[in-house]
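K.L.:
Need a 3D model of the sequence below.
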Amino acid sequence: MVKHTWPSILVLAAALFSQQPLASSETPPLPTLDPDIVGEARDPKSGDTLYLEHYYCSDDALQCSVFYLRPNREVIASKELDYAENALAPLLTFRDYRVDREVIIDKADPEAVVDAGFDNFVRLQWQDLAEGEEIKFPFRVVTREDPIKMRASKADRCEEGKFCLEIALDSWLLGSFIDPIQLTYEEGSQRLLRFEGLSNLRNDDGKMQTVEIRYSYSDEEAAAREEAVRD
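P.N.:
Modelled structure (predicted):
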């Protein structure tokens, strides 16, 4: 049983069923509390910071709010996640305040992994992946109602104490055009430390962007994750 959910790591997806103008384009204020998790997205080539991700989750981690910020801390997008019905397919509302658009997933999909639910999927399959098994799964991606076939496998090289995965399209043709996503976890806590691949957040010109995201965790979140792994 999955008790906790953490950063959205397979971030190809930010939308599924509906996309419409925001009811209100007013940008919400950033919470005054310190975030549970912070992700810093950088340009892999230049090293420049492109944006930040701030995660705020309930004590049981069934509801999470994510704020996407410019380096100057201006909020440019947000996401609400609800894992109460399905840990692998959370309900989702994504808002991009730069273009006044909203995307809503209001029905859990029992057949596919959705957005941040992939992180829970990894932990459920942790042992099999660690033993070298390649695992295929359907994943819901942006603007598509039909899931895309993906595969996850252990990376050939990884630092000691880390667990590295490669996530790729399960299609020789499509996979030849899109580089696999690279993920690095901490072995003991099973926390995501690093993501490199296509971001779910487009740049200001509306184009897809490749990012390297490194995650840091609050003391309270770190303790909760270690307890969840022990259980």
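K.L.:
Residue 65: what's it in contact with?
P.N.:
Neighbour list for residue 65: 31, 55, 56, 57, 78, 79, 80, 81 [criterion: Cβ atoms under 8 Å, 6 or more residues apart in numbering]. To be clear about C-beta, it is placed using only N, CA and C from the backbone, and glycine gets the same treatment.
K.L.:
where does the first one land in three-state SS?
P.N.:
Each residue gets one of three states, and residue 31 gets coil by DSSP: H, G, I helix; E, B strand; the rest coil.
K.L.:
My guess is it contacts residue 55. True?
P.N.:
No: contact criterion Cβ atoms under 8 Å: residue 31 and residue 55 do not qualify, at 10.6 Å.
K.L.:
And those two? Which one has more around it.
P.N.:
Between residue 31 and residue 55, residue 55 has the larger neighbour count (other Cβ atoms under 10 Å), namely 25 against 11.
K.L.:
and the gap between that one and residue 148?
P.N.:
From residue 55 across to residue 148, the span is 25 Å (Cβ to Cβ, to the nearest Å).
K.L.:
How about residue 29?
P.N.:
Taking Cβ to Cβ as the measure, residue 29 falls 35 Å from residue 148.
K.L.:
Among the two, which residue is more densely surrounded?
P.N.:
Higher neighbour count among residue 29 and residue 148: residue 148, with 18 against 8, using other Cβ under 10 Å.
K.L.:
Pull the contacting residues for the more buried one.
P.N.:
With contact set as Cβ under 8 Å, 6+ apart, residue 148 has these partners: 138, 139, 140, 141, 169.
K.L.:
Pairing partners for it in the sheet, please.
P.N.:
For residue 148, the beta-bridge partners under DSSP bridges are residue 139.
K.L.:
Look up which residues are beta-bridged to residue 197.
P.N.:
Per DSSP bridges, the residues bridged to residue 197 are residue 211.
K.L.:
So it sits against residue 168, correct?
P.N.:
No: using Cβ under 8 Å, residue 197 and residue 168 do not qualify as a contacting pair, with a distance of 9.8 Å.
K.L.:
list the residues that contact both of those two?
P.N.:
Residues touching both residue 197 and residue 168 by Cβ under 8 Å, 6+ apart: 180, 181.
K.L.:
Compare those two (neighbour count), which wins?
P.N.:
Higher neighbour count among residue 197 and residue 168: residue 197, with 22 against 17, using other Cβ under 10 Å.
K.L.:
Below-threshold pLDDT in the protein: ranges please.
P.N.:
For the chain, the stretches with pLDDT under 70 are 1-25, 141-145, 172-177, 220-231.
K.L.:
what ranges do the strands span in it?
P.N.:
With DSSP state E as the criterion, the chain has strands at 18-21, 37-42, 49-57, 63-69, 75-82, 91-96, 101-105, 113-114, 135-140, 148-154, 162-169, 181-186, 192-198, 210-217.
K.L.:
Comparing the ones you listed, which comes out most buried?
P.N.:
Mean neighbour count (mean count of other Cβ atoms under 10 Å) peaks for strand 113-114 among the strands of the chain, with a mean of 25.
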